[in-house]
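Student: Fold the stuff below for me.
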Amino acid sequence: MSPTASALLLTAPATVPLAVAGAYALAALRIRSASPALPAPLQRAPARGTVLVAEAPPDKAPKRHPLDWVGLVSPAVILVCGSVLAADVVAEGPRSAYSGLLRADALTAWMLLVVGAVALIACGCAPAYLRGERAAGRTSDEAAWRYHVLVQAFLAAMCLALVTANLGVLWVAVEATTIVTAFLVGHRHTRASVEAAWKYVVICSAGIALAFLGTVLIYYAARQAGIAEAWALDWPTLVAHADRLDPAVTRLGITLVVLGFGAKAGLVPLHAWLPDAHSQAPAPVSALMSGVLLSVAFAAVLRYRVIADAALGPDFTRVLLAGIALLTLALAAGLLLAQRDYKRMLAYSSMEHMSLISLAAAIGSPLALSAALLHIAGHGLAKSVAFCASGSILQVTGTARIGRVRGLIAQVPRTAGAFGLALVALMAFPPFSLFASELGIARAGFAAGAGLRWATAAALLFVLVAFAALAARTARMLLGPGTPAEENPSAAGPLMLGLAACAALGLATGPLTDLLDAAAQVIGGH
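Tutor: Coordinates of the predicted model:
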């Protein structure tokens, strides 16, 4: 592949979403200049878990706009670039551009495919979701365009975090996701959503500050080891010269980085933002945050893990990641047992699955790392379907309380079917890919040392608790009598596509097998 083609493929995943965001921003400016919006009167915020339902008059019902579907351009470009890069890096090795600032290896290509697939589901469901919000009087045309601008900027920031080889730029990109998604969490401007947005900003900013301090310490260790200033945060350079890094400084820096980026991944101790933010954000945004933002943040942890293992040996990160994984899993399982809100239930399920990925990274064998990457893909697909379906359920029922939702299969069979199958996938039933990945993590854990065997056994116990909680609450929501309600057929396609992809990955990885193996080798330090 020519240098120009490599530069184009590495640049497009971040620049195309920014271009689409610009198109939406221009549309919003035209709407605002054509009909200036009057300030909305202050209203008392609804109780947590309750949605104000106010149907718009028939003549004011929102109509489809040609730009509604422009947001699908970005996921399509990300998928195409990820596919071409995947074929190239598997055959010929990593590609770089702009003096090594941007770089793609097998892990980059795998994560771009996951981001593109999840974004395709979320952006495909967004127009129907926003029309429902406008019909109920909970958002305006201008707010809808602002939503699209922010979502596209969100995609650009995540892709930049994946394609950069500079750990400083990686930190900036992850911080950018915090800034952009804070406005998306508070999109509805209710008291609960604004409170969740502030909580998200404060906790994640604290985590990102820790990650920044850790990055500075790694930079200091690299400079002390004689690495040139221009390359002191270059990931391939740090991996190649990790044995020269000061162990004490590196140990402290890696600990801060894991805690900092772990906050964005929903891991303890800085996890408290996740259930509030995911439950208050618009459903497609929750799908993106849970489906890929957590995984992108953990991909940063995986990058640093390679440096730490080369500099300190594998035992340090093994203990750190396994301890965080078990604490997060225990907390998530306990909170799932007591959960009464189905969007918060999905958020705690995300913590459960991120802790399993962290446990697989702690095990560190090729089987465990391959299972972790497969788990990232399966969880992203299933959770995006679950969150997008939950948004439709919220609009139909007017409540997020599990106890107030009954007979969904009778009311909205397509949406309820997608929601139920997504929960089945998240509970790791075959043929969905989470069954194969959790089985791989368990096999790798029991094949490791005695300490990891006990950790794996404890993790499986917590997974069974979470399984029981999810199964009981999902059955309660889906079964029973109900009055048929109107469904939006345009939202069913992306949901079925996501479920089909998750099932296909569970049956066979097919052409992705070589990419998955190569990505596992990258994060295994080989």
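Student: separation between residue 190 and residue 274?
Tutor: 19 Å (CB to CB, to the nearest Å). Yep, even glycine has a C-beta here, placed from its N, CA and C like the rest.
Student: So which of those two has more stuff around it?
Tutor: Using other CB atoms under 10 Å as the criterion, residue 190 and residue 274 rank with residue 274 on top: 28 against 20.
Student: quick one, strands of this protein?
Tutor: 95-97, 102-104 (DSSP state E).
Student: among the ones you listed, which is nearest residue 386?
Tutor: Smallest distance to residue 386 across the strands of the chain (CB to CB): 30.0 Å, for strand 102-104.
Student: Residues contacting the closest one, please?
Tutor: 6-7, 9-11, 85, 89, 94-97, 163-165, 235-236 (CB atoms under 8 Å, 6 or more residues apart in numbering).
Student: what ranges do the helices span in the stretch 101-250 of the chain?
Tutor: Counting by DSSP state H, counting those that start in this stretch, the stretch 101-250 of the chain has helices at residues 106-135, 141-163, 167-185, 191-224, 235-240, 247-264.
Student: I'd like those helices as TSV, with distance to residue 325 and mean pLDDT appended.
Tutor: Formatted as TSV, these follow (distance: least, CB to CB, whole Å; pLDDT from 0 to 100):
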stretch	distance to residue 325	mean pLDDT
helix 106-135	20	94
helix 141-163	22	93
helix 167-185	20	96
helix 191-224	17	95
helix 235-240	24	96
helix 247-264	10	96
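Student: So which of those helices is nearest residue 414?
Tutor: helix 106-135 (11.9 Å).
Student: Helix 141-163 and that closest one, what's the angle between them?
Tutor: 170 degrees (axes from the mean of the first three to the mean of the last three CA atoms, to 10 degrees).
Student: just checking, residue 188 touches residue 140?
Tutor: No. Using CB atoms under 8 Å, residue 188 is not in contact with residue 140; the gap is 11.4 Å.
Student: Look at the two and report which has more neighbours.
Tutor: residue 188 (20 against 15).
Student: Which residues are in contact with the residue nearest the centre of the chain?
Tutor: Geometric centre of the chain, nearest residue: residue 292, 2.1 Å, by CA atoms, centre = their mean. Each residue near residue 292 by CB under 8 Å, 6+ apart is listed here: 114-115, 118-119, 158, 380.
Student: Pull up the gap between residue 491 and residue 278, please.
Tutor: Counting by CB to CB, the gap from residue 491 to residue 278 is 19 Å.
Student: of the two, who's got more company?
Tutor: A side-by-side neighbour count of residue 491 and residue 278, using other CB under 10 Å, places residue 278 first with 30 against 26.
Student: doesn't residue 290 make contact with the more buried one?
Tutor: Yes. Counting by CB under 8 Å, residue 290 is a contact partner of residue 278 at 5.8 Å.
Student: So for those two, which residues contact both of them?
Tutor: Common neighbours of residue 278 and residue 290 (CB under 8 Å, 6+ apart) are 346-347, 350, 387.
Student: Which of these sits closest to residue 79?
Tutor: Nearest to residue 79, judged by CB to CB, of these is residue 387 at 19.9 Å.
Student: The closest one contacts residue 345, correct?
Tutor: No. Under the criterion of CB under 8 Å, residue 387 makes no contact with residue 345, lying 11.0 Å away.
Student: more neighbours, the two?
Tutor: Counted by other CB under 10 Å, residue 387 and residue 345 do not tie: residue 387 has more neighbours, with 30 against 25.
Student: picking up where we left off before, can you tell me how far the residue nearest to the centre of the chain is from residue 381?
Tutor: Per CB to CB, residue 292 is found 10 Å from residue 381.
Student: Tell me the residues that contact both of those two, please.
Tutor: Going by CB under 8 Å, 6+ apart, residues that sit against residue 292 and also against residue 381 are residue 118.
Student: pLDDT wise, what is the residue nearest to the centre of the chain at?
Tutor: What the model reports as pLDDT for residue 292 is 97.
Student: And residue 526, by the same measure?
Tutor: 65.
Student: Also residue 64?
Tutor: On the pLDDT scale, residue 64 gets 59.
Student: One more: residue 497?
Tutor: Reading off the model, residue 497 has pLDDT 95.
Student: heads up, I number from 64, so please use that
Tutor: I'll keep to 64 as the first residue from here, and by that count the last item is residue 560.
Student: is it true that it touches residue 185?
Tutor: No. Here residue 560 does not reach residue 185: they are 11.8 Å apart, not a contact under CB under 8 Å.
Student: Between those two, point out the one with more neighbours.
Tutor: Comparing residue 560 with residue 185 by other CB under 10 Å, the one with more neighbours is residue 185, at 31 against 16.
Student: got a list of what the more buried one touches?
Tutor: Taking CB under 8 Å, 6+ apart as the criterion, residue 185 is in contact with 214, 347-348, 350-351, 354, 447, 451.
Student: Any of these buried? List them.
Tutor: With neighbours counted using 16 or more other CB atoms under 10 Å, those contain these buried positions: 214, 347-348, 350-351, 354, 447, 451.
Student: and the residue lying closest to residue 562 once chain neighbours are set aside, how many neighbours does it have?
Tutor: Residue nearest to residue 562 in three dimensions, not counting chain neighbours: residue 484, with 5.3 Å by CB to CB, 6 or more residues apart in numbering. By the criterion of other CB under 10 Å, residue 484 has 22 neighbours.
Student: Could you tell me the model confidence score at residue 484?
Tutor: 97.
Student: before we move on, the earlier item: so which of the shared contacts of residue 341 and residue 353 is the closest to residue 521?
Tutor: Closest to residue 521, out of all of the shared contacts of residue 341 and residue 353 and judged by CB to CB, is residue 413, at 19.9 Å.
Student: What's the separation between the closest one and residue 353?
Tutor: Counting by CB to CB, the gap from residue 413 to residue 353 is 4 Å.
Student: Now the common contact residues for the two.
Tutor: Counting by CB under 8 Å, 6+ apart, the shared contacts of residue 413 and residue 353 are 341, 446.
Student: Which residue comes closest to residue 365 once chain neighbours are left out?
Tutor: Here the residue nearest residue 365, using CB to CB, 6+ apart, is residue 586, at 4.6 Å.
Student: how close does residue 564 sit to residue 149?
Tutor: Taken as CB to CB, the span from residue 564 to residue 149 is 15 Å.
Student: thinking again about what came up before, for the buried ones among the contacts of residue 185, could you give me a markdown table that also reports distance to residue 497?
Tutor: Below are the buried ones among the contacts of residue 185 laid out as a markdown table (distance: CB to CB, whole Å):
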| residue | distance to residue 497 |
| --- | --- |
| 214 | 26 |
| 347 | 21 |
| 348 | 23 |
| 350 | 16 |
| 351 | 19 |
| 354 | 13 |
| 447 | 13 |
| 451 | 18 |
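Student: What about the residues you listed, which are in helices?
Tutor: 214, 347-348, 350-351, 447, 451 (DSSP state H).
Student: The nearest residue to residue 468 once chain neighbours are set aside and residue 311, how far apart?
Tutor: Ranked by CB to CB, 6+ apart and with sequence neighbours excluded, the top spatial neighbour of residue 468 is residue 540, at 4.7 Å. Distance, residue 540 to residue 311, using CB to CB: 52 Å.
Student: and those two? which has more neighbours close in?
Tutor: Taking other CB under 10 Å, residue 540 and residue 311 do not tie; residue 540 has more neighbours (24 against 11).
Student: who's in contact with the nearest residue to residue 279 once chain neighbours are set aside?
Tutor: Counting by CB to CB, 6+ apart, residue 279 lies nearest to residue 316, which is 7.8 Å off, once chain neighbours are set aside. Contact analysis of residue 316 by CB under 8 Å, 6+ apart lists 276-281, 283-284.
Student: Of the residues you listed, which is the nearest to residue 420?
Tutor: Of the contacts of residue 316, the one sitting nearest to residue 420 (CB to CB) turns out to be residue 277, at 19.9 Å.
Student: May I have the phi/psi pair for the residue nearest to residue 475 when sequence neighbours are not counted?
Tutor: In space, and not counting its chain neighbours, residue 475 is closest to residue 550: 5.0 Å by CB to CB, 6+ apart. Here is the backbone geometry of residue 550 (degrees, to the nearest 10): phi -110, psi 150.
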